[in-house]
Every structure is written in structure tokens, then in C-alpha cells.
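Structure, please.
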Amino acid sequence: MNSVTQEQLEGISNYFAPASIAPTTSGAGGVMGGQTISAEGSEVSARAKPTVSLELPPPKTGLGGEESTETQKPEEESEKETKSEAETASEEAVKKAEQEQFEKAESELKQALQEIPNAAELQKSLMVDDTPEGLRIQIVDQEGLAMFPCGGSEPLTRARKLLELVKHVVEKMPQKIAISGHTDAVKFGSGSAYTNWELSVDRANSARRVLRDLGLPIERLSRIVGKADTEPLLKDDPNNARNRRLSIVLLRGTSSKSAPAPATENK
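So this is what the prediction gives:
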């Protein structure tokens with residue numbers, strides 16, 4: 001600044017000082033842009049630039065001058081979260097109640113098995129376990145203690161007794177029921193059109209008819225299937241007698257409150 005002359009300093013000062021185009025500030029040439037404060041409708045000079053007044057909104061809190069979604073959530077999202085939490089709690093309560101039902105059914109089956117004649121002989125023929133699909137009850141052959149005649153589909157007396165026991169327990173439960181038949185890996189004679197597939201389906205259907213005749217409502221049934229020897233109980237011994245069995249599953253999540261699908265009877 002020491003090297004700037006006096007004239008240059010005055011020029012800089014005049015550049016930043018407000019200047020009036022007209023000798024008077026009223027009318028159309030002053031800093032008011034052609035308008036006066038005292039009267040409405042004052043004339044606007046054609047040479048004066050109109051002024052625009054903007055009202056800026058107050059600054060908002062949050063990142064980037066915008067309202068933070070972390071500090072304030074929409075009411076709809078809050079309601080959805082509350083509803084989701086309520087639904088989750090309800091689902092957990094249903095699952096807990098269903099698990100308690102399964103445990104009670106398993107206990108009743110074991111107790112009922114003790115009360116029938118020849119219980120010791122049949123204990124190994126009735127298996128109960130809790131699976132992801134539901135509570136599974138299996139009526140299993142033993143070596144020298146078959147549930148069906150060899151190659152036949154009509155259950156023997158001991159199998160009917162076990163099916164009756166199963167019926168008295170599952171009829172108290174609200175879940176749908178799936179029945180599947182299983183065989184060992186021993187094949188029928190060569191040239192036979194009847195295979196383990198047909199045999200497993202026929203045995204499952206025979207179990208369905210026995211349960212129906214005992215009074216179990218047909219609407220409780222969800223599906224009847226034959227698995228042949230595709231799901232052996234003893235994978236390392238596919239020809240073992242214990243692979244021949246019936247599986248009766250109380251399907252998880254299919255109680256009346258869960259809107260089960262209508263059951264159809266196989267023909």
C-alpha cells in the first residue's frame with residue numbers, strides 16, 4: 001500500500017462509496033430503486049433496476065443444513081416399527097406355545113406306550129423327535145417285528161395299535177398332519193411292475209385310512225407321500241429293517257390360527 005499514490009487511493013475509495021445517478025434520492029434514480037418509503041404506488045424509473053426482497057427460511061439442524069433423519073423420524077416409520085415389534089412378539093409367543101404343545105404330545109406318547117400290552121416289545125418301534133418341519137412320530141420295523149407283511153400294504157395288528165395310540169395324541173393338537181411311507185433298499189423281483197415307490201405310497205395311504213376310521217378328521221391331513229428308500233433311517237445300512245417305517249409329522253406353523261391350506265384326500 002505504501003507504493004500506491006494518493007490519487008490511486010482516492011480512486012479505490014470512490015469505487016466502493018455509494019454513488020447516486022440522479023442529484024436527488026427521491027423518484028427514480030436513488031438507492032431506493034425508483035420507490036419512496038412514504039407513498040404506495042410511487043413511480044418506478046425505467047432506468048432503475050427493480051429490487052427483489054427474499055425471505056430466507058431459518059437454518060435447519062442436522063448434517064448439510066437438512067433435517068437429520070437420525071434425530072427425527074416420520075410418524076409413519078415409527079408406527080411401522082411399533083407394529084413390526086408387536087408382530088414379532090406375537091410370532092414368538094405362537095412359536096413358544098407350539099413348542100410346548102410338541103413337548104406335551106411327546107410326553108403323552110411315551111406315557112401311553114407304557115400302558116399298552118407288550119410295551120417293552122414295541123418301545124423301539126415308536127420314535128418321536130422334534131424336527132424343523134414339526135413333531136415327527138415314526139412307526140418303525142424291527143428285525144423280526146414288522147409293522148406290515150413283507151411286500152404288503154395293510155398294517156398288522158401291532159401297527160394298528162400304535163396308530164391308535166398316535167391318533168389319541170394328535171387329535172388334541174391343532175396342527176396339520178403329513179404322512180409318508182418309507183421302505184428299505186431291497187428291490188422287488190426282476191420284471192415286477194410294482195416297486196418300492198408304489199409300496200411306500202400304499203402303506204402311507206393305509207395309515208391314513210386307519211386314522212380316518214379311528215375318527216381323525218380328514219381335514220387334518222395335509223399330504224400323503226411315498227419316499228421309497230430315498231430317505232433311509234440308517235444310511236450306512238440301507239437294507240436294514242428299521243428303514244421300513246411310517247412317518248407322521250405334526251407340521252409346524254399349521255395350526256388353525258395360521259390359516260392352514262385345505263386338505264385333500266388322495267385317491
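
alpha carbons only for contacts and neighbour counts from here, please
Will do.

Please tell me how far the closest residue to Arg220 other than its chain neighbours sits from Ala207.
Nearest residue to Arg220, sequence neighbours excluded (Cα to Cα, 6 or more residues apart in numbering): Lys176, at 5.0 Å. Separation of Lys176 from Ala207 (Cα to Cα, to the nearest Å): 15 Å.

circling back to that earlier point, the residue nearest to Arg220: what's it in contact with?
Going by Cα atoms under 8 Å, 6 or more residues apart in numbering, Lys176 touches Arg220, Leu221, Ser222, Leu250, Leu251, Thr254, Ser255, Pro260.

How about the secondary structure of the third one?
What that stands for is Ser222. Of the three states, Ser222 takes strand according to DSSP: H, G, I helix; E, B strand; the rest coil.

what's the burial count for Gly144?
7 (other Cα atoms under 10 Å).

next one: Ala89
For Ala89, using other Cα under 10 Å, the count is 12.

ranking the contacts of Lys176 by neighbours, who comes first?
Of the contacts of Lys176, with other Cα under 10 Å as the count, Leu250 tops at 27 neighbours.

what about it, helix or strand, and which?
strand 245-251 (DSSP states H and E).

Pass me the low-pLDDT residue ranges in the stretch 51-200 of the chain, would you?
Confidence mapping of the stretch 51-200 of the chain against pLDDT under 70 gives the ranges 51-83, 118-119.

Which residue ranges of it form helices?
75-115, 119-122, 157-170, 196-213 (DSSP state H, counting those that start in this stretch).

Which pLDDT value goes with Pro232?
Per-residue pLDDT puts Pro232 at 97.

nearest residue to it other than its sequence neighbours?
In space, Pro232 is closest to Asn243, 5.2 Å off (Cα to Cα, 6+ apart).

ok, how many other residues are close to that neighbour?
24.

Glu198 now?
15.

do you know how far the nearest residue to it once chain neighbours are set aside is from Arg252?
Of all residues beyond its chain neighbours, the one nearest Glu198 is Gly226 (7.3 Å), with distances taken as Cα to Cα, 6+ apart. The gap separating Gly226 from Arg252 is 20 Å, by Cα to Cα.

ok so, going back, a markdown table for the helices of the stretch 51-200 of the chain, including distance to Ala185?
Putting the helices of the stretch 51-200 of the chain into a markdown table (distance: least, Cα to Cα, whole Å) gives the following:
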| stretch | distance to Ala185 |
| --- | --- |
| helix 75-115 | 29 |
| helix 119-122 | 23 |
| helix 157-170 | 21 |
| helix 196-213 | 8 |
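
just those helices: most buried one?
Ranked by average neighbour count under the criterion mean count of other Cα atoms under 10 Å, the helices of the stretch 51-200 of the chain are headed by helix 196-213 at a mean of 20.

As TSV, the contacts of Lys176 with distance to Asp141 would be great.
Formatted as TSV, those follow (distance: Cα to Cα, whole Å):
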residue	distance to Asp141
Arg220	26
Leu221	23
Ser222	24
Leu250	21
Leu251	23
Thr254	29
Ser255	30
Pro260	32
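
Nearest to Gln114 among those?
Leu250 (21.9 Å; Cα to Cα).

My guess is the closest one contacts Lys172. True?
No - Leu250 is beyond contact range of Lys172, at 11.3 Å (criterion: Cα atoms under 8 Å).
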